[in-house]
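Asks: coords please:
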Amino acid sequence: MLYSPPMPVDDRADRWANRLRAWGVADLAAAFLEPGSPIAFLGAQVLHFGAPLLSLVYDPRELSGLAELLEDPLQTRRLAAGLTAADQETKA
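Replies: Below is the predicted model:
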């Protein structure tokens, strides 16, 4: 497999928050991204392990970027905050 550099970090969390909301799984994703939960790190490992197969149906750079986002606690908190903030805005 050819190496694809990951997407830039600066807006990655916001883009994924928008995608998860569009797919209708923002609440579920926010629940899995609770502080102290190992789910984000395990999800990153699944993405790394499954990259060869997943890259057949999804952009490898996006998969790599999501895996790196999930491995970084600050970016994971930013993603969770983006999901919950948008959820609170739609309820208000």
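Asks: how far away is the residue positioned nearest the centre of the chain from D72?
Replies: What sits nearest the mean C-alpha location of the chain, by CA atoms, centre = their mean, is L66, with 4.6 Å. To D72, L66 is 11 Å away according to CB to CB, to the nearest Å. C-betas here are computed from N, CA, C, even on glycine.
Asks: contact partners of the helix or strand encompassing A31?
Replies: Element membership for A31 (DSSP states H and E) is helix 26-32. Helix 26-32 is contacted from outside by 17, 20, 39-40, 43, 79-80, 83-84, 86-87, using CB atoms under 8 Å, 6 or more residues apart in numbering.
Asks: which of the residues you listed count as buried?
Replies: Buried subset of the contacts of helix 26-32 (neighbour count, 16 or more other CB atoms under 10 Å): 17, 20, 40, 43, 79-80, 83-84, 86.
Asks: mind putting those into TSV with secondary structure?
Replies: What follows is the buried ones among the contacts of helix 26-32, written out as TSV (DSSP: H, G, I helix; E, B strand; the rest coil):
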residue	secondary structure
A17	helix
L20	helix
A40	helix
G43	helix
L79	helix
A80	helix
L83	helix
T84	helix
A86	helix
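Asks: where do the helices sit along the chain?
Replies: Under the criterion DSSP state H, the chain contains helices at 12-23, 26-32, 39-54, 60-71, 73-91.
Asks: and the shortest one, which residues are buried?
Replies: Meaning helix 26-32. Buried, per 16+ other CB under 10 Å, within helix 26-32: 26, 29-30.
Asks: of all these, which comes closest to H48?
Replies: Proximity of the buried residues of helix 26-32 to H48 (CB to CB) peaks at A29, which lies at 18.6 Å.
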